[in-house]
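Chemist: Provide a 3D model corresponding to the input given below.
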Amino acid sequence: MKKRTKMIWNIGLIAALLGLLFLLEQVVPSSSMLFMVLKKGAIYALVAVSMNLLNGFTGLFSLGQAGFMLLGAYTYAILTIPAESRASVYQYFDGGIVQFSIPVPLALIAGGLVAAVFAYLIGLPVLRLKSDYLAIATLGFAEIIRAVFQWDKLGPLTNGSNLLRSFPTFQSVLYPFLVAGICIGLIVLLINSTYGRAFKAIRDDEIAAEAMGINLAHHKRLAFVISSFFAGISGGLLAMYQTTIQASMFKSAMTYEILLIVVIGGIGSITGSCIGSFLFIACSEWWLRFLDNENLYIGDFHLTLLRPGFRKVVFSIIIMVIVLFYRKGIMGDREFSVEAVRRFFLKRFKKKQTAEGGASNE
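Modeler: Below you'll find the model as predicted:
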């Protein structure tokens, strides 16, 4: 009964969130920065959770997320450009070699599968490495993939260094929330399964995990492939959000941003990654934008310190403060849940009652 009540509460919260988003779309203008933060935040939440599956729950330090997002984005774009638009998109390559298109959901899944296949092939040699060596190897893979996709020899498929465009995009904020929510839900189910417990055992102590009968190579490869699959889907969502795709967008800085979100939210916390993604996008893209305005006045006082790019300085200071005072991130390794909120308020209520009872006795 307790599990059933918890499930009902969770479904109710999700329904309430979707209802709130639908209401916002009816009330707030579509050009509002709020929707940009919500759309991009949902996409980054998915890729941050997929990275947390590796770094936080399996203990594998990978920096190849940008490369897997690139694979997912290009796969989605190539497979969804309408046949009648291919001649104008691939104008330097005679319309390209792909002359068909598939539905959007299938293209997103295909993007995830392509990323997963590459992850499996790369993981065979790379996952023998550990710690910083694994990070360097996966980062190198991401940079190689980006360079290859800009190669003119692959132009009939990737359009070389030119933009891919004219593929289906989304207007409603509900779309990325639904896709990201389903994917994150699947990751949560995986983490709470026997495979998830094996991942955590590998993270805590590889020798003890192997002694308990856990196949280290198999489970590491499985975590790497699954993480890459969802990173590929997030790449497809990013393509839909950006409306155009070019390989030069997927630089190593994108991976560092995702890693930063994971650290801010808390390594080993799904909710932390989600909260961190929205805070990161809101601060970097919206709330601190006014700091780039060099003509900002407070009354008659001219703030001469402000100039283009100054928001990044302030944002870096904010991140340093968060890391100093929240060394394990905002959530640490904890998760937000209805039960946790209920216990929190019950604890505060009992403390208040105890204090009032003590005061009345005096």
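
Chemist: Please name the residues that touch V104.
Modeler: By Cβ atoms under 8 Å, 6 or more residues apart in numbering, the contact set of V104 is 80, 168, 240. Just so you know, the C-beta spots here come from the backbone N, C-alpha and C atoms, and that holds for glycine as well.

Chemist: switch the cut-off to 10 Å
Modeler: 76, 79-80, 167-170, 175, 179, 236, 240 (Cβ atoms under 10 Å, 6 or more residues apart in numbering).

Chemist: swap in M212?
Modeler: Applying Cβ under 10 Å, 6+ apart, one finds that M212 lies in contact with 198, 201, 205.

Chemist: Most neighbours of all those residues, which one?
Modeler: A198 (21 neighbours; other Cβ atoms under 10 Å).

Chemist: Specify which member of the contacts of V104 is nearest to S273.
Modeler: V179 (16.1 Å; Cβ to Cβ).

Chemist: And for that closest one, the neighbour number?
Modeler: Counted with other Cβ under 10 Å, V179 comes out at 22.

Chemist: How about the one 10 residues further on?
Modeler: Residues near L189, counting by other Cβ under 10 Å, number 11.

Chemist: before we move on, back to that, tell me the two of the contacts of V104 that are most distant?
Modeler: L79 and Y175 (17.8 Å).

Chemist: Between the two, which is the more surrounded one?
Modeler: L79 (21 against 17).

Chemist: contacting residues around the closest residue to the more buried one other than its chain neighbours?
Modeler: Nearest non-adjacent residue to L79, counting by Cβ to Cβ, 6 or more residues apart in numbering: A107, 4.4 Å away. Contact analysis of A107 by Cβ under 10 Å, 6+ apart lists 72, 75-81, 101, 167-168, 236, 239-240.

Chemist: Look up phi and psi at A107.
Modeler: Phi and psi for A107, reported as degrees, to the nearest 10, are phi -70, psi -40.

Chemist: Equivalent analysis for the one 3 residues further on, please.
Modeler: Backbone torsions for A110, taken as degrees, to the nearest 10, come to phi -60, psi -40.

Chemist: now it, nearest residue through space, not along the chain?
Modeler: T75 is the one closest to A110 (Cβ to Cβ, 6+ apart), at 5.5 Å.

Chemist: residues contacting the one you found?
Modeler: By Cβ under 10 Å, 6+ apart, the residues touching T75 are 107-115, 232, 235-236, 239.

Chemist: Most widely separated two among these?
Modeler: Maximum distance among the contacts of T75 (Cβ to Cβ): 15.7 Å, for L113 and A239.

Chemist: Comparing the two, which shows the higher neighbour count?
Modeler: Comparing L113 with A239 by other Cβ under 10 Å, the one with more neighbours is A239, at 30 against 17.

Chemist: now the helices for the stretch 251-362 of the chain?
Modeler: Under the criterion DSSP state H, counting those that start in this stretch, helices of the stretch 251-362 of the chain are mapped to 252-265, 270-282, 310-325, 338-361.

Chemist: meant to ask about the stretch 101-250 of the chain, not that
Modeler: Secondary structure of the stretch 101-250 of the chain by DSSP H, counting those that start in this stretch: the helices cover 104-126, 131-149, 155-158, 174-191, 194-204, 206-211, 216-242.

Chemist: ranking those helices by burial, who's on top?
Modeler: helix 216-242 (a mean of 24; mean count of other Cβ atoms under 10 Å).

Chemist: ok, of the helices of the stretch 251-362 of the chain, where does mean pLDDT dip lowest?
Modeler: Note on the helices of the stretch 251-362 of the chain: lowest mean pLDDT is at helix 338-361, with a mean of 61.

Chemist: And the residue nearest the centre of the chain?
Modeler: For the chain, the residue nearest the mean C-alpha position is V47 (2.5 Å; Cα atoms, centre = their mean).

Chemist: What sits closest to that residue if chain neighbours are left out?
Modeler: S234 (4.0 Å).

Chemist: Before I go, just wanted to say thanks for your time.
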